[in-house]
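> Build me a model from this:
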Amino acid sequence: MTDAASIPLPDVQQAAVLHSPGDVRLEKLAVPEPGPREVLIRVAAVGVCGSDVHYYEHGRIADFVVESPLVLGHEASGTVVAVGPEVTRVRPGTRVAMEPGVPCGQCRECRTGRYNLCPEVRFFATPPVDGAFAQYVTLDEAFAHPVPDTLSDEAAALIEPLSVAVWANRKARVEPGMSVLVSGAGPIGLLCAQVASARGAARVVATDVSEHRLAVARRLGAHETVNVRERDPSSVIADADVLLECSGSPDAIASGIRCVAPAGTVVLVGMGDPTVPVPVDVVQRNELWLTGTFRYAHAYPAAIALAASGAIDLDGLVTARFGLAETERALRAARQDPTALKVMVHPNGTNIE
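Below you'll find the predicted structure:
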């Protein structure tokens, strides 16, 4: 654990601020003061998510529009350096993975435990809430999850997408002995496949259009892979117990559903065209369970435990690293390098052995 008492706290920090599509500027901002139940965190590592790239390129995602300068980044880790007067759960010096969405705690969804569906949730890097491409952020102490020293800063940041995969597998009720089809071998798909294996799936098949990503899937434990440019996935698996659809592709959704066994489960994880056609005849004829996912709830502790156990390889997903001043390069990296998986930004400099 870091001794935070010796860390001087500045009044001013640097942050990468999105002003408009394609316009990110390194600016000086005030270091925020933690509220009564908040902690101040010195940011160590932030993963670049597809949503960050979308905001950078288009300035909006659906109804969420960047109307004023916004700090992106929500997959983050760091060290607590100061706490508010009512904080009891964590103390300065604690390394944490940041769960980036703080719900209201009062609405029907929060009261029933579905806080990921809270309509008033304040989520990092979702307009108008600033994210973590900054040197310091504040966060409600309940969402600053301590991590063991065995996890790197980058792995701790990637607890966020791992929680997406944990939640998707929970929704699918993946159990030992099941067969699981994962369509889309990007970071979320690769994590979904790893979590399915960790939950005891006897057969995990991953599909994608990229041979590079399929090779990574095999390295990370997928039993079989299918390049859907060359073969229909039904030629490899036609009786999957579960489909975890992580691509958002209309073709992948349609073909994947046709690979699910009667009474199987389809979980839509990837986001794409909001009007994707679904083969309703197959869903009805085979009595498939079809559901979606939106972020996660109560998943961080399980994700941290999985990563700490060694069952999930998070560090192996990292393909590039940038400093805060290079945030714009980081946001463009995935488009420029087809082999890129998870790009990381280190707002306070890298410290990688």
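
> Tell me if I'm right that Arg295 and Val164 touch.
Yes: with contact defined as Cβ atoms under 8 Å, Arg295 reaches Val164; the gap is 6.9 Å. Any C-beta I mention is one placed from the backbone N, CA and C, and that applies to glycine too.

> Any idea how many residues pack against the closest residue to Ser68 other than its chain neighbours?
Excluding the flanking residues, the one nearest Ser68 by Cβ to Cβ, 6 or more residues apart in numbering is Pro128, at 6.4 Å. Residues within reach of Pro128, counting by other Cβ atoms under 10 Å, total 12.

> returning to that earlier point: neighbour count winner among Arg295 and Val164?
Val164 (24 against 18).

> Run through the strands of the stretch 151-300 of the chain in chain order.
Secondary structure of the stretch 151-300 of the chain by DSSP state E, counting those that start in this stretch: the strands cover 179-183, 203-208, 224-227, 240-245, 260-268, 289-292.

> What are the contacting residues of the last one?
Just to be clear, that refers to strand 289-292. 171, 257, 263-269, 278, 283 (Cβ atoms under 8 Å, 6 or more residues apart in numbering).

> List the contacts of Glu141.
Glu141 makes contacts with 37-39, 83-84, 87-90, as judged by Cβ under 8 Å, 6+ apart.

> which residues touch Thr94?
Contacts of Thr94 (Cβ under 8 Å, 6+ apart): 1, 79-80, 144, 146.

> Let me have the residues you listed in a markdown table, adding secondary structure, distance to Ala215 and neighbour count as columns.
Formatted as a markdown table, the contacts of Thr94 follow (DSSP: H, G, I helix; E, B strand; the rest coil; distance: Cβ to Cβ, whole Å; neighbours: other Cβ atoms under 10 Å):
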| residue | secondary structure | distance to Ala215 | neighbour count |
| --- | --- | --- | --- |
| Met1 | coil | 38 | 12 |
| Thr79 | strand | 35 | 21 |
| Val80 | strand | 39 | 25 |
| Ala144 | strand | 36 | 26 |
| Pro146 | strand | 35 | 15 |
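
> would CSV of the residues you listed with distance to Ala157 and pLDDT be doable?
Formatted as CSV, the contacts of Thr94 follow (distance: Cβ to Cβ, whole Å; pLDDT from 0 to 100):
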residue, distance to Ala157, pLDDT
Met1, 18, 36
Thr79, 12, 98
Val80, 15, 98
Ala144, 13, 98
Pro146, 14, 98
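
> tell me which of these is nearest to Ala330?
Using Cβ to Cβ, Thr79 comes nearest to Ala330 of the contacts of Thr94, at 21.3 Å.

> Poorly predicted segments of the protein, please.
Low-confidence segments of the chain, defined by pLDDT under 70: 1-7, 350-353.

> Could you chop it up by domain?
Annotated domains of the chain cover 4-158+314-346, 166-292 [automatic domain parsing].

> End to end on the shortest one, go ahead and measure it.
Right, domain 166-292. With Cα to Cα, to the nearest Å as the measure, domain 166-292 spans 14 Å from end to end.

> starting at the chain centroid, how far to it?
Taking the mean C-alpha point of domain 166-292 and that of its whole chain, the gap between them comes to 18 Å (Cα atoms, centre = their mean, to the nearest Å).

> Would you map the helices across the protein?
For the chain, applying DSSP state H gives helices covering 50-58, 108-111, 153-157, 159-172, 187-198, 211-219, 250-257, 280-285, 300-309, 327-336.

> who wins for proximity to Phe123 among those helices?
helix 50-58 (9.9 Å).

> got the angle for the closest one vs helix 187-198?
On the basis of axes from the mean of the first three to the mean of the last three Cα atoms, to 10 degrees, helix 50-58 is oriented at 170 degrees to helix 187-198.

> what's helix 50-58 in contact with?
Residues from elsewhere that reach helix 50-58, judged by Cβ under 8 Å, 6+ apart: 18, 21-22, 24, 61, 66, 70, 72-74, 125, 131, 186, 328, 331-332, 334-335.

> picking up where we left off before, where neighbours are concerned, which of the contacts of Glu141 has the most?
Val39 (28 neighbours).
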